[in-house]
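1. my questions concern the predicted model and sequence given below.
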Amino acid sequence: MMLTTQIRIDNIFFEHLETTVRNITSVHQSIFLLCSAIFVITFSITIYLIIKHRRGLGLNKKHFHKSVYIEIMWALIPFLIIFFLVCPIFVTILR
């Protein structure tokens, strides 16, 4: 009798563990795709700006000092990225 009860408990435990692992894998894949997209976008913009604004073209440097809009974006965009990365993790863990 004890052996059958133990097997049932183990099955319930492993079924719960399996769904938890599926949820974690799903969140991991989503975050990986989001990070990959951010990397590709950032790298593409960087390469474009390097090619477009190289010194050999004789262009003058533009100064962006004391621009409130750029300072706010500089702080807000990374915060939003981290927020959208952390939210699914907390939802998965607290489920």
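-> Cool, the structure landed.
2. roughly how far is stretch 22-36 from the heart of the chain?
-> Relative to the chain's own centre, stretch 22-36 is displaced by 8 Å; criterion: C-alpha atoms, centre = their mean, to the nearest Å.
3. buried residues in that stretch?
-> Val27 (16 or more other C-beta atoms under 10 Å). C-beta: built from backbone N, CA, C; applies to glycine.
4. what mean pLDDT does that stretch get?
-> For stretch 22-36, mean pLDDT rounds to 88.
5. let's have the chain start at 794 instead
-> Got it, the first residue is 794 from now on, which makes the last one we talked about stretch 815-829.
6. which residues touch that stretch?
-> Phe877, Leu878, Pro881, Ile882, Thr885, Arg888 (C-beta atoms under 8 Å, 6 or more residues apart in numbering).
7. measure the last one to Thr812 for me?
-> In this structure, Arg888 lies at 9 Å from Thr812, with C-beta to C-beta, to the nearest Å as the measure.
8. for Ile800, give me the pLDDT.
-> pLDDT at Ile800 comes out at 59.
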